[in-house]
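# Give me coordinates for this.
(one chain, ligands or ions: 2)
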Amino acid sequence: MTTVLDIRDIKKFYGSEVILYDVSLQVKQGEMIAVTGASGTGKTTLLSIIGLLQETSAGHIQILGESVDGLDAAKRAGVRSRYIGFVFQRARLVGSLTALENVLVPSWLFGSGTSYEVRARQVLTELGLGKRLHYLPEQLSVGQMRRVALARALLLNPPLILADEPTNDLDPATAAIVFGHLQAAQQEGAAVILVTHDEEFAAKAQQVVTLKNGKLSAG
Ligand SMILES: Nc1ncnc2c1ncn2[C@@H]1O[C@H](COP(=O)(O)OP(=O)(O)OP(=O)(O)O)[C@@H](O)[C@H]1O
Ligand SMILES: [Mg+2]
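Ligands and ions are numbered 1, 2, ... in the order given. Predicted structure coming up:
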C-alpha cells in the first residue's frame, strides 16, 4: 500500500517550550490512525503541521512520496488543496456562506468540472443537516458546524484526511454517523488521522498512538 504521509523527527517549539520532539509517523492508503493524549499535549499542533498550516522547528514531511519541506506558502496551499481534507477542532466555516455553500467551497476552488452539489446535499443529509442546507454558520450549533466542516473535508475525496476531535460535543448516535463517514473514506482508500478521546472509535483504527511530553508512542 502506498504511504500517504511520512513524517520524520518533527520538532516543534514555542519559545523555549517543547511541544513535539522527534515525532515520526507513517500512514498508508486505507489506514486510520487514532491520535490520543491529554489536553494541551500538542495533538492540534501536530495536525496543523501535517496539514501544512504551521511550520515545524525541525524534521521532514513527505506526502505521497513528495517532500514538502521548505515549500513556499503558495506551494503548500496547493499541496493542501489537492491532497488534504481538514476537519478543524473549531469548524472554521465562512460566516457569510450557507452550510451547503461552505461544503462546496473546495469544489469552486479546486473541483474538476463535475457537479458536486448532489454529493454535498447527500452527505449533509446523511449527517442530519438536510433541513439546514441554507442556514448560515451563526444559525447552527457547534456540533452542526463540525458536521458541515466534515462534509467539506470529504467533498473532493482527498487521499489524506485530518480530523481533530470531530465527534466531540455530539450525542452518541450523531458521533457514530460522523465516525462512519470517516471510516467509509478510509475503507475507500483514504489515509485518516483521527484525534479523539473516544476509546471505542480509537479501537477501530489500525493504529493508536498517544502524545505525551512531546513524544508519540504506540498505544
Ligand atoms: N501559537 C502558540 N504559541 C504558544 N503556544 C502555543 C501556540 N499554539 C499552541 N500552543 C501551546 O501548545 C500546546 C499544545 O496545544 P494543542 O492545541 O496542540 O494541544 P491539544 O493536544 O490539541 O489540546 P486539546 O486536547 O485541548 O485540543 C499548548 O500548551 C498550547 O498552549
Ligand atoms: Mg486540540
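# check whether stretch 57-65 contacts ligand 1.
No. Shown here: stretch 57-65 not in contact with ligand 1 (C-beta under 6 Å from any ligand atom), separated by at least 12.2 Å. Quick note: C-beta positions are derived from backbone N, CA and C, even for glycine.
# Now that stretch: average pLDDT?
In this model, stretch 57-65 has an average pLDDT of 95.
# Could you check that stretch and say which residues are buried?
The neighbour-count check on stretch 57-65 (16 or more other C-beta atoms under 10 Å) flags 59, 61, 62, 63, 64 as buried.
# isn't there a strand covering the first one?
Just to be clear, that refers to residue 59. Yes. Under DSSP: H, G, I helix; E, B strand; the rest coil, residue 59 falls within a strand.
# Columns distance to ligand 2 on top of the buried residues of stretch 57-65, output as TSV?
Below are the buried residues of stretch 57-65 laid out as TSV (distance: C-beta to the ion, whole Å):
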residue	distance to ligand 2
59	20
61	19
62	24
63	22
64	26
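# Tell me the pLDDT of the closest residue to ligand 2 within the chain.
Ligand 2 sits closest to residue 44 of the chain, with a gap of 3.2 Å, by C-beta to the ion. Residue 44 carries a pLDDT value of 95.
# need the strands for this structure, in chain order.
Remark: strands assigned in the chain by DSSP state E are 3-14, 17-28, 32-36, 58-63, 66-67, 84-87, 160-164, 191-195, 207-212, 215-218.
# Which strands border the shortest one, and is each parallel or antiparallel?
To tie it back to what came earlier, the one meant is strand 66-67. Looking at strand 66-67 with DSSP bridges, its partner strands are strand 58-63 (antiparallel).
# Which residue ranges of the chain form helices?
Along the chain, the stretches classed as helices by DSSP state H are 43-50, 73-83, 99-110, 117-126, 142-154, 172-187, 199-202.
# Columns distance to residue 4 and mean neighbour count on top of the ones you listed, output as TSV?
Output for the helices of the chain, formatted as TSV (distance: least, C-beta to C-beta, whole Å; neighbours: other C-beta atoms under 10 Å):
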stretch	distance to residue 4	mean neighbour count
helix 43-50	11	22
helix 73-83	8	14
helix 99-110	18	19
helix 117-126	22	17
helix 142-154	15	24
helix 172-187	11	17
helix 199-202	20	16
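# what residue lies at the spatial centre of this protein?
The residue lying closest to the centre of the chain (C-alpha atoms, centre = their mean) is residue 162, at 1.9 Å.
# Lovely, talk soon.
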